[in-house]
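Student: fold the following and give me the result.
(chains A and B)
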2 protein chains.
Amino acid sequence: MKAEIITIGTELLLGNIVNTNSRYLAEKLAELGIDVYYHTTVGDNEVRIKEIVINSLNRSDILILTGGLGPTGDDITKEVVSEVFDAKLTLDDKVLTKIQNFFNQKGKSMSKNNIKQAYIPENSIVLDNDVGTAPGIYIEKNDKIAILLPGPPKELKVMFQNYVVPLLSKKSRYIIKSKVIKTFGIGESKLESIISNIINDKKNPTIATYAKKGQVEIRITAKAESESKTDCLIESAVKQLKPLIKDYVYSYNNETLEEVVFNLLKRNGLKIGFCESCTGGLISSRFTKLPGVSEVFERGIVTYSNKSKIEEVGVKDTTLKRYGAVSSYTALEMAKGLMDKGNIDIAVSVTGIAGPTGDTNKKPVGLVYIGFASKDSAFTKKINLTGDRIQIQNKTADIVFSEIRKYLLKLNDI
Amino acid sequence: MKAEIITIGTELLLGNIVNTNSRYLAEKLAELGIDVYYHTTVGDNEVRIKEIVINSLNRSDILILTGGLGPTGDDITKEVVSEVFDAKLTLDDKVLTKIQNFFNQKGKSMSKNNIKQAYIPENSIVLDNDVGTAPGIYIEKNDKIAILLPGPPKELKVMFQNYVVPLLSKKSRYIIKSKVIKTFGIGESKLESIISNIINDKKNPTIATYAKKGQVEIRITAKAESESKTDCLIESAVKQLKPLIKDYVYSYNNETLEEVVFNLLKRNGLKIGFCESCTGGLISSRFTKLPGVSEVFERGIVTYSNKSKIEEVGVKDTTLKRYGAVSSYTALEMAKGLMDKGNIDIAVSVTGIAGPTGDTNKKPVGLVYIGFASKDSAFTKKINLTGDRIQIQNKTADIVFSEIRKYLLKLNDI
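Tutor: Predicted coordinates for the structure are as follows:
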């Protein structure tokens, strides 16, 4: 079964909103084992929608169309598809009652133009909209299927899950399953060259690398008749890859670096604290996005000014004067000072030049010192990063979490 | 001039990532006055890329293609487009040197497969990649143009802005210019109903509202032969809108709430500090993304544990026991305690229940107290938010910045 996704709406075409529907539908169709080869976006224009629908029906079995089912005059998806499928539109009393009830429940009166939404093409299945007014449509003719879904993501998702999945499950023989392995500290081309033999050898599962925000993911995708078979295919690929990539992998289960650190701290019953300068709270903020993090996170301090470095974590005035705020000594004193407050097992500090200004001859933008203190030891690490301010902050946070992971796993010194 | 956007990549097709490139390019092309009627996404597949390119060239003048310019074997966009344009690929020494330098600067050695990226189609213009290795390509033949851009959004955006905009500006008779007005504290449908008469009246400029992450933007878009004409059209629309929307607007210049607060603090020579619990450093982090913020931001403290609330900002043990960490009293003592440290003019605190757990009968998830202290006064504000953990953290940060803005403009009490 080959499907394509056609998203309709001038707001998508003009870039006013991001197309999250295509992504959602693509993911869901993959899970159902239905191949998707094309996504197309077109505006609320009769001629062009028709052209796309006819063209797509020639090359695919299933069209999933979203948008253009609203009550207004420029909503024409249903009209165009009905014409192509040669199906008359007639008023469906049941659907009309449902729409009226929707408004009644909200204590509002139905606008006249909503009646348009109750016209349904003959020989089609109505897909109930449990969270909005526009019903979806499933129409099949000569082994070609068109499924019309409303544009608002909330309505679309509920409808797809409740009514489209059951209909399409019957059509597909296969399921597709993916596993994502996360790596850090290696570039995409280098990682790929290490595993290129395996990538080229494999047809099922397929193996591909993706660079994502400074990290590289390996995605293994298997297709089979059952979940146990896809799992088996994936596991055998992991076994082959592991010896080659293990030094770079921080998660075989699609976790983030923060999640890995959180789980390691929890498992070891340890508490952590952060003292940040150039990252300005980003490390604490990323960590506290995780629910339940209070179990392992004690406090964070954003010592942005020199005064706060002295007052909050006891950095010496002489250290700041002699070596500067961005120095190994300051980073060390920040971490030690935080550690001295007690109640934590690991203190991590960061001081650096995020830019775009603030650099000197000897200290370029991107120079960052990470400090690390525990009951047993304290040390620092110097890194040099490239990129703009936001990139330097994000990369620093990534490196901090990666180094904490390595420390907790005793992989090497920070 | 008609353009289309073709995004290439199996990770897009399978829904592994959201297609933000299409949106970015659509917005930029609109600004250039170039019409876009289709977006297409296709995988890293030679036959299908070729089919799409040929089909698109038949109906449009300019193709913008993204992705598939990487160093690996499945990156074939350049190869396919060169074939369709009948242009030979040859090794470009200058480009190769640039790629080698990119790796040298990072202290890394270039992987062999990166050489592939230095092959350039004849009679094309190389678009420098200032933040990555894959060069872009501009190729024109028989009045048809193809522009190949790298897939990573950061690389694509820099390249488009620096090299594609100047090339395409020459091709268009019209320019389109937009102005974005940012509002906070009003829903989209309410805002739209307030200005619906003006929206419906206007054809040029067009006026539209967009809900974006809990805020609503008004976008005014004008099309004319010159920038002075578009500016004039936009300004007259702003004049009409202003009396109706002014209570909700925080920026007429597309600034973020943080930027508005930053500028107000700077103008008034004031310093601020944050003491965060449930937002975990997000407020400090969002604020310190702005370059130069050290001028107005002194320090932040993430008092996540009760112990840290007592030790860092002097919240009383009895307050925590009697009223709890999530209470007006705790918020007030957090703000006062931070203020007492001196060196700042405004201290803002946040304590709340971000969820998903931690709620009680009397204190639901989404309950947040904001505390506020200055030399003259101290007070708190109670808010009730809905959504998941991340949404509650983000909404809290938005409200905090909005309230600081109002305080600085003496619009009302926090």
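Student: and the gap between A:Y304 and chain B?
Tutor: 5 Å (Cβ to the nearest Cβ, to the nearest Å). In short, each C-beta sits where N, CA and C put it, glycine included.
Student: ah, wrong one, I meant A:F85
Tutor: 22 Å.
Student: quick one: contacts for that residue?
Tutor: Going by Cβ atoms under 8 Å, 6 or more residues apart in numbering or on different chains, A:F85 touches A:121, A:139, A:141, A:146.
Student: now intersect those residues with the helices, please.
Tutor: Among the contacts of A:F85, DSSP state H puts none in helices.
Student: which single one of these is nearest to B:D388?
Tutor: A:A146 (34.0 Å; Cβ to Cβ).
Student: who is that closest one paired with across the strands?
Tutor: A:L63, A:I139 (DSSP bridges).
Student: list the buried ones in the helix or strand hosting A:K229?
Tutor: Element membership of A:K229 [criterion: DSSP states H and E] is helix A:227-245. Neighbour-count burial for helix A:227-245, with 16 or more other Cβ atoms under 10 Å in any protein chain shown as criterion, is recorded at A:230, A:233-234, A:237-238, A:241, A:245.
Student: how about CSV for those residues, with pLDDT added?
Tutor: What follows is the buried residues of helix A:227-245, written out as CSV (pLDDT from 0 to 100):
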residue, pLDDT
A:T230, 93
A:L233, 97
A:I234, 97
A:A237, 97
A:V238, 97
A:L241, 97
A:I245, 96
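Student: what mean pLDDT does stretch A:28-44 get?
Tutor: If you average the pLDDT over stretch A:28-44, you get 91.
Student: ok, that stretch near chain B or not?
Tutor: Yes. Contact of stretch A:28-44 with chain B is found when judged by Cβ under 8 Å from any Cβ of the partner chain, involving A:28-30, A:36-43.
Student: may I have that stretch as CSV, with CA atoms only?
Tutor: What follows is stretch A:28-44 as a C-alpha-only set of coordinates in CSV (Å, rounded to 0.1, in the frame of the first residue of the first chain):
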residue,chain,number,x,y,z
LYS,A,28,1.4,7.1,12.1
LEU,A,29,1.3,5.7,8.6
ALA,A,30,4.8,4.3,9.1
GLU,A,31,3.6,2.5,12.2
LEU,A,32,0.8,1.0,10.2
GLY,A,33,3.3,-0.3,7.7
ILE,A,34,2.0,1.9,4.9
ASP,A,35,4.7,3.5,2.7
VAL,A,36,4.6,7.2,2.2
TYR,A,37,6.6,8.6,-0.7
TYR,A,38,5.3,12.1,-1.1
HIS,A,39,4.0,15.0,1.0
THR,A,40,2.4,17.9,-0.9
THR,A,41,1.1,21.2,0.4
VAL,A,42,-1.2,23.3,-1.7
GLY,A,43,-3.3,26.4,-1.0
ASP,A,44,-7.1,26.7,-1.0
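Student: closest to A:Y250 among the contacts of A:F85?
Tutor: Closest approach to A:Y250 among the contacts of A:F85 (Cβ to Cβ): A:A146, at 43.7 Å.
Student: can you verify my assumption that A:G132 contacts A:E155?
Tutor: Yes. If you go by Cβ atoms under 8 Å, A:G132 and A:E155 touch, sitting 4.1 Å apart.
Student: between those two, which contacts overlap?
Tutor: Common neighbours of A:G132 and A:E155 (Cβ under 8 Å, 6+ apart) do not exist.
Student: just name the shakiest helix or strand of chain A by mean pLDDT.
Tutor: Within chain A, confidence by mean pLDDT, DSSP states H and E is lowest for strand A:206-212 among all helices and strands, at a mean of 84.
Student: pLDDT below threshold where in the stretch 1-150 of chain A?
Tutor: Low-confidence segments of the stretch 1-150 of chain A, defined by pLDDT under 70, are absent.
Student: ok, and the closest non-adjacent residue to A:D75?
Tutor: Distances taken as Cβ to Cβ, 6 or more residues apart in numbering or on different chains put A:G68 closest to A:D75, at 4.7 Å, once the chain neighbours are dropped.
Student: who touches the spatially closest residue to A:V81 that is not a sequence neighbour in this structure?
Tutor: Spatially, and ignoring its direct neighbours in sequence, A:V81 is nearest to A:A146 (5.2 Å; Cβ to Cβ, 6+ apart). A:A146 makes contacts with A:53, A:57, A:62-63, A:65, A:81, A:84-85, A:137-140, as judged by Cβ under 8 Å, 6+ apart.
Student: gap between A:A146 and A:E4?
Tutor: A:A146 sits 10 Å away from A:E4, going by Cβ to Cβ, to the nearest Å.
Student: same question for A:T303.
Tutor: For A:T303, the distance to A:E4 equals 54 Å [Cβ to Cβ].
Student: for chain B, what are the nearby residues on the stretch 151-300 of chain A?
Tutor: By Cβ under 8 Å from any Cβ, the residues of the stretch 151-300 of chain A that approach chain B are A:178, A:187-190, A:192-193, A:196, A:200, A:208-212, A:219, A:221, A:274, A:276, A:279-285, A:287-289, A:291-294, A:297-300.
Student: which members of the residues you listed occur in helices, if any?
Tutor: Those of these lying in helices (DSSP H): A:188-190, A:192-193, A:196, A:200, A:282-285, A:287.
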